[in-house]
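**Q** I would like the atomic coordinates for the input below:
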Amino acid sequence: MFDNLKPHLIELRKRLGISVVVVIAFAFIAFGFNQYIIAFAKAPLMGIMNGADPFIGGIGIFFTALKISIFTGFLLALPVVFSQLWAFIAPGLYDNEKKYVIPFVTISTFMFLVGSAFAYYVVIPLGFKFLWMFAGNLVNFLQTLDEYIGIFTKILFGFGVAFELPVILFFLAVLGLVDDKGLKDFFGHAVLIIFVFAALLTPPDVITQLLMAGPLILLYIISIFIVRMVNPYKEDEDDDNDDDKEDNVAVDEQKQLK
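**A** Now for the predicted structure:
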């Protein structure tokens, strides 16, 4: 068993190694611009506070700069990360399925960036505005710049991953692993999983969780229509197969009686 897994583990280590090296390379470049990146990250928060900066003097913290640089490096390396992911799973695909590498990398990168942009321009301003109104002062909630950057990167990463849902379901449909009926039947369970996912990847406030769960549920519904176009549920064929099975059973029973 382990001998069969060894080549796959070696291949996985290779793909992860390439991805990590590229992320570190971009992070090294981003580190030289960390002050501008941190200022960009703080912009939604300062907009809520009318330009006031509760973290004055903390912008030069090394680990904060390192954290935001690594996340920026990851965003810049997304095409490489997704291409390495495809290279890992491609050997298990048919030749006609391997041709989707460019659409997969392009759409996956685009959707991740769309999710992160939605988090930056919509979720973070509304979420922290709610916290401002609730706590009266965001400093009571965020003690340090490093804490804010941690929450900031977590939210952007969470929404980036969440917006990959249609892409994942599309390619599962291409592989014939899911159909629209299966997604519709699973809808109730999917909603529950989405809310759990939103609770884990967002700050502990209802507004931010709803801002993640709402678009995710909408994306799931959109995915049902996408999957229907790619791999629709073939009810007639299934019914015909069931009828054929029943006919075969009837014939067998008649043979046994004779």
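
**Q** how about low-confidence regions in this structure?
**A** Scanning the chain for pLDDT under 70 picks out 1-4, 49-60, 97, 134-143, 204, 236-258.

**Q** longest helix of it?
**A** Longest helix in the chain, counting residues (DSSP state H): helix 2-31.

**Q** now the element after it, going C-ward?
**A** Helices and strands here follow DSSP states H and E; after helix 2-31, the next one along the chain is helix 34-48.

**Q** what is that following helix packed up against?
**A** helix 62-76, helix 124-135, helix 145-162 (3 or more C-beta pairs under 8 Å, 6 or more residues apart in numbering; DSSP states H and E). From N, CA and C alone the C-beta is placed, and that goes for glycine too.

**Q** got a markdown table for those helices, with distance to G17 and mean neighbour count too?
**A** Supplementary listing: those in a markdown table, determined by distance: least, C-beta to C-beta, whole Å; neighbours: other C-beta atoms under 10 Å:
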| stretch | distance to G17 | mean neighbour count |
| --- | --- | --- |
| helix 62-76 | 15 | 19 |
| helix 124-135 | 33 | 18 |
| helix 145-162 | 21 | 20 |
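
**Q** let's have these in JSON lines, adding distance to L172.
**A** Output for the helices and strands packed on helix 34-48, formatted as JSON lines (distance: least, C-beta to C-beta, whole Å):
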{"stretch": "helix 62-76", "distance to L172": "24"}
{"stretch": "helix 124-135", "distance to L172": "31"}
{"stretch": "helix 145-162", "distance to L172": "16"}
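
**Q** go through the ones you listed and name the closest to L210.
**A** Taking C-beta to C-beta, helix 124-135 is the member of those nearest to L210, at 9.7 Å.
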